[in-house]
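Enquirer: Can you look at this prediction? I've put the sequence above it.
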Amino acid sequence: QVQLVESGGGLVQAGGSLRLSCAASGRTFGAYAMGWFRQAPGKERELVAGISRGGVVSDYADPVKGRFTISRDNAKNTVNLQMNSLKPEDTAVYYCAAAPAPSMLVRRAPSTYNYWGQGTQVTVSS
């Protein structure tokens, strides 16, 4: 069982930055690939960024490539999402999620993630 708690959301102007953090409980954090997803009103939940168990492999959705960076610290049971050059279209609820996976794999589909946080709102004003 893994419990996930996100923090760091808020209101920011376009062009600004936010850093989301996700703290995980349990002693098996390193056994899970991690992902950040987002869901805007009326839209499906989508993967923003994913990272493999050891942090060696990461993957990003095209709209955020070059602006967002995912990282993890297995010693501290945390995964972060640094978001720079934010745009109004980045406005959404952001979720942290954990998925069992082979060591070098990044999971993309929401259905492959077993555990989810409660979400944190990110609002980017124009």
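Expert: Yep, it's here.

Enquirer: residue contacts, the spatially most central residue of the chain?
Expert: For the chain, W36 is the residue whose C-alpha lies nearest the centre (CA atoms, centre = their mean; 1.9 Å). For W36, the residues meeting the contact criterion (CB atoms under 8 Å, 6 or more residues apart in numbering) are 20, 22, 47-50, 70, 79, 81, 94-97. In short, each C-beta sits where N, CA and C put it, glycine included.

Enquirer: can you check V12 too?
Expert: In this structure, V12 makes contact with 18, 86, 122-125, judged by CB under 8 Å, 6+ apart.

Enquirer: Compute the distance from the centre of the host helix or strand of it to the centre of its chain.
Expert: Element membership for V12, per DSSP states H and E: strand 10-13. In terms of CA atoms, centre = their mean, to the nearest Å, the centre of strand 10-13 is found 17 Å from the chain centre.

Enquirer: One more: stretch 52-72?
Expert: Relative to its parent chain, stretch 52-72 has a centroid offset of 9 Å by CA atoms, centre = their mean.

Enquirer: Just the buried residues of the contacts of V12.
Expert: Buried members of those, scored by 16 or more other CB atoms under 10 Å, are 18, 86, 122, 124.

Enquirer: And the first one, how far from M83?
Expert: This points to L18. Taking CB to CB, to the nearest Å as the measure, L18 and M83 are separated by 5 Å.

Enquirer: Ok, V124 next?
Expert: If you measure V124 against M83 using CB to CB, the figure is 9 Å.

Enquirer: what touches both of these two?
Expert: Residues touching both V124 and M83 by CB under 8 Å, 6+ apart: D90.

Enquirer: And the strands in the protein?
Expert: Taking DSSP state E as the criterion, the chain contains strands spanning 4-7, 10-13, 18-24, 32-39, 46-51, 58-60, 68-73, 78-83, 92-100, 115-116, 120-125.

Enquirer: Okay, now the unreliable bits of this structure?
Expert: Per-residue confidence for the chain (pLDDT under 70) gives no ranges below the cut-off.

Enquirer: quick revisit: closest to A109 out of the contacts of W36?
Expert: Nearest to A109 out of the contacts of W36 is L47 (CB to CB; 7.8 Å).
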